[in-house]
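A.B. asks: one predicted model, sequence on top.
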Amino acid sequence: MSAAEPTARRPAALSTGAITGVFVRLKLALLRNGMRQSSGRSTAFVGTLVLAVLFGALGLLGMLALRGNEYGPDTGVVLVAMIALGWMFLPLFIGVDETLDPGRLAMLPLRPGPLLVAQLTSGLVGAGPLFTLLLVLGSMLVAVHGGAAALAAVVAAPLTLLFCVTLTRALATANARLLTSRRGRDLAVLSGLVVAFGLQGLNLGLSRMTDEDGSLAPMRTMADVLGWLPPATAARAVRLADEGSTAWAALALAATAASWVLLLLWWRRTLTALLTAPDASTLQPAPDAAGRERAGRERGLTGWLPTGRTGTVIVRVLRHAWRDPKAKMSWATSLGMALLLPVVFGLQGQGSVYLACWAAGMLGLLMYNQFGGDYSAFWLVAQTIQSPRDAFVELRARTLAICLLGLPLLLVVVLGTAALFDDWESLPTGLGLCLALMGALLALGAVTTAWLPYSIPQEGAMKNAAPGQGGLAWGGILLGMVVGGVLTVPVWLLANALHGEPAGWLLPPVGLVWGGGLCWLALVLAARRTAATLPEILAAVTRA
């Protein structure tokens, strides 16, 4: 290179403050643009912000009301631990935003250090951090009665908030490729079911631990255990400072700060690895190996199913239920609640074996609006239906797909409730009623599928009906539940007459025949309707 040639100059590296400002503005722009997309999103954002402030303020006032209570500081420690647990699962439950996905930033000249600071700062923007800050302040102030405790709270509150935000961002970075993949979105949909199970388990645990006088004494036992885990150690530091144990309070704060630093180091390491490592999702397996694996799975699945259209439709329905997020949510909710509700009531000592009818009801709901779940792909199904017989086979196979998983689950639920209540005498009549009710609801689901189809929007996890069709969806379900109960009245009367008698074991086959007969009759009627109104059904299920 000659002296006359200009030397190449490296671009000046952006400062950490400049990058942080860009990320904060990006986060605000994302929130603002999201609200501009529709009035519904604007209302949802404003409503979320108002609810965050309202419930956060109520939580803060509730904790302040416990000042002077013997177990108030212990409650604050437990609350901080529960907040951290919620932030741990936050990325899986609500997904990630664009400021958190390092894959979108891999091509930018950003170093891991400034990027980490920018992501952490942008994570403090939103309704979630505001709600958390209010609750954390309440959990700290409940133990403040002097200057030392107030000084510890001034350090512990922001440290706890930073720990929670760092925790959720570090976990999201470590699982970024999973959370942005189809499997990750499926996990996000199913996380609602996990939360439901967790809340019910927490409710049962607290109800067992609560004293008869309703005091908060069990909180002390929980605080003694959780207080050793960051960031609950920060809340414990405030309590220790209020009790005069200044050295132990400083040690607890130091433990929280050290844990936060270690979390930052792990986050930086995973961030560096993610920005520099190749994406394994783009590496395709060898064609022969992939083909053999796929063929093996197909042989294992279809080998036990009927041949022809029936087996093909069953496989299609089950694969759709596994791969489509909304279908997976529907199946997981029905199957999960079918197990959850009887167990919850059983552990509380309330009800009887007949609570298993909840399981029959939840399984029967899977049959409603079968064609709507196909979205615009229903036209492919419509091309294969040339007669009422084709429609009958299609609907029958969809019913068999539900029964394939539903009947074993129903049997497990009935046996489980009988064991929980130690009421084996009601087992045969309860099983017969469940079979009859499930058959009736499957029958009504087939009828409403043909007569009251509606479209399901593909976007939005909580949107299960297109605008203007919500009443149609809920009306069909509620009407089906009422009519289903009426159709099973004869079996109810027979169960009441045979309860506790040896002849009660006749009720399971009676319920199976009754429910199967209702299904067969409904499938015949629905098949005729479907074959005659295919264009109308296609228009209904593809409505935007």
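C.D. replies: The structure has been received and is ready for your questions. Numbering: from 1, shown residues only.
A.B. asks: this structure: strands as residue ranges?
C.D. replies: Secondary structure of the chain (DSSP state E): no strands present.
A.B. asks: in it, which helix or strand is least confident?
C.D. replies: Taking mean pLDDT, DSSP states H and E as the measure, the helices and strands of the chain show their lowest mean at helix 287-302, namely a mean of 51.
A.B. asks: which residues touch Leu512?
C.D. replies: Residues in contact with Leu512 (CB atoms under 8 Å, 6 or more residues apart in numbering) are 432, 435-436, 439. Placement of C-beta: from N, CA and C, glycine included.
A.B. asks: what ranges do the helices span in the stretch 1-150 of the chain?
C.D. replies: Chain-ordered helices for the stretch 1-150 of the chain, with DSSP state H, counting those that start in this stretch as the definition, fall at 16-36, 39-65, 72-94, 112-123, 127-141, 147-174.
A.B. asks: name the residues of the fourth one that come out as buried.
C.D. replies: Looking back up the chat, that one is helix 112-123. With burial defined by 16 or more other CB atoms under 10 Å, the residues of helix 112-123 counted as buried are 112, 114-123.
A.B. asks: over to the third one?
C.D. replies: Of the residues in helix 72-94, those buried by neighbour count under the rule 16+ other CB under 10 Å are 72-84, 86-87, 90-92.
A.B. asks: domain-wise, how is this structure divided?
C.D. replies: What automatic domain parsing lists as the domains of the chain is 23-199+208-276, 308-541.
A.B. asks: CSV for those domains, including mean pLDDT and distance to Thr16?
C.D. replies: Converted to CSV, the domains of the chain look like this (pLDDT from 0 to 100; distance: least, CB to CB, whole Å):
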stretch, mean pLDDT, distance to Thr16
domain 23-199+208-276, 79, 4
domain 308-541, 85, 36
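A.B. asks: let's have the ones you listed in a markdown table, adding distance to Ser15.
C.D. replies: Converted to a markdown table, the domains of the chain look like this (distance: least, CB to CB, whole Å):
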| stretch | distance to Ser15 |
| --- | --- |
| domain 23-199+208-276 | 8 |
| domain 308-541 | 39 |
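A.B. asks: from Val238, how far out is Gly147?
C.D. replies: 12 Å (CB to CB, to the nearest Å).
A.B. asks: and the longest helix for this structure?
C.D. replies: Longest among the helix segments of the chain by residue count, using DSSP state H, is helix 388-421.
A.B. asks: between the contacts of Leu512, which has the most around it?
C.D. replies: In terms of neighbour count, Ala436 stands highest of the contacts of Leu512 at 32 neighbours, by other CB atoms under 10 Å.
A.B. asks: list the contacts for that residue?
C.D. replies: Contacts of Ala436 (CB under 8 Å, 6+ apart): 488, 491, 510-512, 514-515.
A.B. asks: how about Leu415: what's its closest non-neighbour residue?
C.D. replies: For Leu415, the nearest residue in space outside its immediate sequence neighbours is Leu427; the separation is 7.4 Å by CB to CB, 6 or more residues apart in numbering.
A.B. asks: dump the residue contacts of that neighbour.
C.D. replies: When contacts are counted by CB under 8 Å, 6+ apart, Leu427 touches 353, 414-415, 418.
A.B. asks: ok, now with 10 Å
C.D. replies: Neighbouring residues of Leu427 by CB atoms under 10 Å, 6 or more residues apart in numbering: 353, 356, 414-415, 417-419, 504-505, 507-508.
A.B. asks: over to Pro158?
C.D. replies: Counting by CB under 10 Å, 6+ apart, Pro158 touches 124, 133, 136, 234.
A.B. asks: surely the last one and Leu159 touch.
C.D. replies: If I follow you right, that is Ala234. Yes. A contact is recorded between Ala234 and Leu159 when judged using CB atoms under 10 Å, the distance being 5.5 Å.
A.B. asks: so which residues of the stretch 401-544 of the chain form helices?
C.D. replies: Assignment of helices within the stretch 401-544 of the chain using DSSP H, counting those that start in this stretch yields the ranges 427-451, 470-487, 489-498, 507-532, 534-541.
A.B. asks: out of these, which is the most enclosed?
C.D. replies: helix 427-451 (a mean of 27; mean count of other CB atoms under 10 Å).
A.B. asks: can you give the distance from it to the centre of its chain?
C.D. replies: 27 Å (CA atoms, centre = their mean, to the nearest Å).
A.B. asks: do the same with stretch 127-145
C.D. replies: Computed by CA atoms, centre = their mean, the separation of stretch 127-145 from the middle of its chain amounts to 26 Å.
A.B. asks: please save the CA atoms from stretch 146-161 in CSV.
C.D. replies: The C-alpha trace of stretch 146-161 is given here as CSV (Å, rounded to 0.1, in the frame of the first residue of the first chain):
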residue,chain,number,x,y,z
GLY,A,146,-35.9,1.4,61.8
GLY,A,147,-33.1,3.1,60.0
ALA,A,148,-31.0,0.0,59.5
ALA,A,149,-33.9,-1.9,57.9
ALA,A,150,-34.8,1.1,55.7
LEU,A,151,-31.2,1.3,54.5
ALA,A,152,-31.2,-2.5,53.7
ALA,A,153,-34.6,-2.1,51.9
VAL,A,154,-33.2,0.7,49.7
VAL,A,155,-30.5,-1.7,48.5
ALA,A,156,-32.6,-4.9,48.5
ALA,A,157,-35.6,-3.7,46.5
PRO,A,158,-33.8,-2.6,43.2
LEU,A,159,-31.4,-5.6,43.6
THR,A,160,-34.3,-8.0,43.7
LEU,A,161,-35.9,-6.4,40.6
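A.B. asks: only the buried residues of that stretch, if you could.
C.D. replies: So stretch 146-161, judged by 16+ other CB under 10 Å, has buried residues 148-149, 152-153, 155-157, 159-161.
A.B. asks: adding distance to Gly17, write the residues you listed out as a markdown table.
C.D. replies: Below are these laid out as a markdown table (distance: CB to CB, whole Å):
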| residue | distance to Gly17 |
| --- | --- |
| Ala148 | 34 |
| Ala149 | 34 |
| Ala152 | 30 |
| Ala153 | 28 |
| Val155 | 24 |
| Ala156 | 26 |
| Ala157 | 24 |
| Leu159 | 22 |
| Thr160 | 25 |
| Leu161 | 21 |
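A.B. asks: for those, which one is nearest Leu523?
C.D. replies: Leu161 (57.2 Å; CB to CB).
A.B. asks: ok, now which ones touch the closest one?
C.D. replies: Listed by CB under 10 Å, 6+ apart, the contact set of Leu161 reads 83, 87, 123-124, 129-130, 132-133, 135-137, 231, 234.
A.B. asks: mind redoing it with 6 Å?
C.D. replies: Residues in contact with Leu161, defined by CB atoms under 6 Å, 6 or more residues apart in numbering, are 132-133, 136.
A.B. asks: of the residues you listed, which is the nearest to His499?
C.D. replies: Distance ranking of those against His499, using CB to CB, places Thr132 first at 52.6 Å.
A.B. asks: near the closest one, how many other residues are there?
C.D. replies: Close neighbours of Thr132, defined as other CB under 10 Å, add up to 25.
A.B. asks: please report how far Trp505 lies from Leu452.
C.D. replies: Distance of Trp505 to Leu452, computed by CB to CB: 38 Å.
A.B. asks: one more: Leu116?
C.D. replies: Plainly put, Leu116 is 53 Å away from Leu452 if you go by CB to CB.
A.B. asks: tell me the one among the contacts of Pro158 nearest to Thr270.
C.D. replies: Proximity of these to Thr270 (CB to CB) peaks at Leu124, which lies at 20.2 Å.
A.B. asks: how many neighbours does the closest one have?
C.D. replies: By other CB under 10 Å, 17 other residues sit near Leu124.
A.B. asks: ok, the one 4 residues further on next?
C.D. replies: Gly128 is flanked by 19 other residues according to other CB under 10 Å.
A.B. asks: got the contact list for it?
C.D. replies: Counting by CB under 6 Å, 6+ apart, Gly128 makes contact with nothing.
A.B. asks: make 46 the starting number, not 1.
C.D. replies: Yep, numbering from 46; the last one is Gly173 now.
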